[in-house]
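In: Okay, predicted coordinates and the sequence, questions at the end:
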Amino acid sequence: MAQVRTIAVIGAGIMGRGIAHAAAIGGYRTILEDLLPTALRRAESEIRANLDKAVELGKVLAPEADSAFRRLEYAGSVEEAAREADLVIEAVPEEMESKIEIFTLLDKICRPTTILASNTSSLSVTEIASVTYRAKKCVGMHFFNPVHKMKLLEVVRALETDEDTLSTVVEVGKRMGKEVVVIRESPGFITSRINAMIGNEAFHMLQEGIASAVDIDKALKLGLNHPMGPFELVDLVGLDTRLNILEYLHKSLGEKYRPAPLLVQYVKAGRLGRKSGRGVYEYPEAATAEKTNAPARNTGSRAEIVR
């Protein structure tokens, strides 16, 4: 089993900053990367707030939280973050093109012994790994939102992932405080495959006027004991992310995963969930913050920026 001391996390969005939080709590030197300084500042303040909340609730001792926060570092380029890492966890948007671009870069930047992991929730890790010269050291690590609260980690074994890589990331997950399940690669793995179907059916029901979004959510929470309703969950995850997953599953597994037309329409309208201020439900405070704090969009690819 390989020894991991330093973990780099690529992308400081919702998932990336949550993974960085968990890695730091697990005792690892953690380097969080993002091209946008505003994203790194937001990640730093949010991780500090979440650590403070954990102390307040008695889940973490104050000295442990302070030590975890000191283990966090921040980088403005993939090269800066990944060159000393023993494990790199990619947490960019759920698009194959973006993930392949990152893995191509990482394969050039990282030491030959570095393990490359993707936080994909449904895409083929085998396909992502195929652009590297280290397919045996590529693996899926599917975390769940919010990472600092959710206990599950799906470790996905791609076609060529070796035993040493698998055992190493399972141990890393456990040190992060996660319950780990190991999965042979299959579209959607376990949770995304089932969740996508439930959420898609909920959109069909809403579109058909069978019940309101509030009542559909209430029915699944109280009748099936789900902690969140399907619309609450999709607003948290992002409607665009869910649509990407469904489109991939539809292509891979067939007609039963065809995205509901209402979901497609919401995404086209920019109703992406909490992050945009409006999804199935509305979040006025999030929309205001987005307009106030949104940085100029960077249209350059990482391949152009990181040389």
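Out: Sure, I can see it. Numbering: from 1, shown residues only.
In: Going by C-alpha atoms from here, please, whenever you check contacts or count neighbours.
Out: Will do.
In: now the lengthiest helix in the chain: how far from the chain's centre is it?
Out: Longest helix in the chain by number of residues (criterion: DSSP state H): helix 37-56. Put simply, helix 37-56 sits 17 Å off its chain's centre (Cα atoms, centre = their mean, to the nearest Å).
In: how about it as CSV, C-alpha atoms only?
Out: The C-alpha coordinates for helix 37-56 follow below in CSV (Å, rounded to 0.1, in the frame of the first residue of the first chain):
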residue,chain,number,x,y,z
PRO,A,37,-8.8,33.5,-6.3
THR,A,38,-12.3,34.3,-5.2
ALA,A,39,-13.2,30.6,-5.2
LEU,A,40,-10.2,29.9,-3.0
ARG,A,41,-11.1,32.7,-0.6
ARG,A,42,-14.7,31.4,-0.4
ALA,A,43,-13.4,27.9,0.2
GLU,A,44,-11.1,29.0,3.0
SER,A,45,-13.9,30.9,4.9
GLU,A,46,-16.4,28.2,4.4
ILE,A,47,-14.0,25.4,5.7
ARG,A,48,-13.2,27.6,8.7
ALA,A,49,-16.9,28.1,9.4
ASN,A,50,-17.7,24.4,9.0
LEU,A,51,-14.8,23.5,11.4
ASP,A,52,-16.0,26.0,13.9
LYS,A,53,-19.6,24.5,13.7
ALA,A,54,-18.2,21.0,14.2
VAL,A,55,-16.4,22.2,17.4
GLU,A,56,-19.6,23.9,18.6
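In: Report the buried residues of it.
Out: 39-40, 43-44, 46-48, 50-52, 54-55 (16 or more other Cα atoms under 10 Å).
In: Give me the helices and strands touching the next helix or strand after that helix, please.
Out: Later in the chain than helix 37-56, the nearest helix or strand by DSSP states H and E is helix 62-70. Judged by 3 or more Cα pairs under 8 Å, 6 or more residues apart in numbering; DSSP states H and E, helix 62-70 is in contact with helix 14-25, helix 37-56.
In: can I have helix 62-70 written out in CSV, keeping just the CAs?
Out: What follows is helix 62-70 as a C-alpha-only set of coordinates in CSV (Å, rounded to 0.1, in the frame of the first residue of the first chain):
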residue,chain,number,x,y,z
ALA,A,62,-11.0,22.8,19.0
PRO,A,63,-7.2,21.9,18.8
GLU,A,64,-8.0,19.3,16.1
ALA,A,65,-10.0,21.8,14.1
ASP,A,66,-7.2,24.3,14.3
SER,A,67,-4.6,21.7,13.3
ALA,A,68,-6.8,20.7,10.3
PHE,A,69,-7.1,24.3,9.2
ARG,A,70,-3.3,24.8,9.4
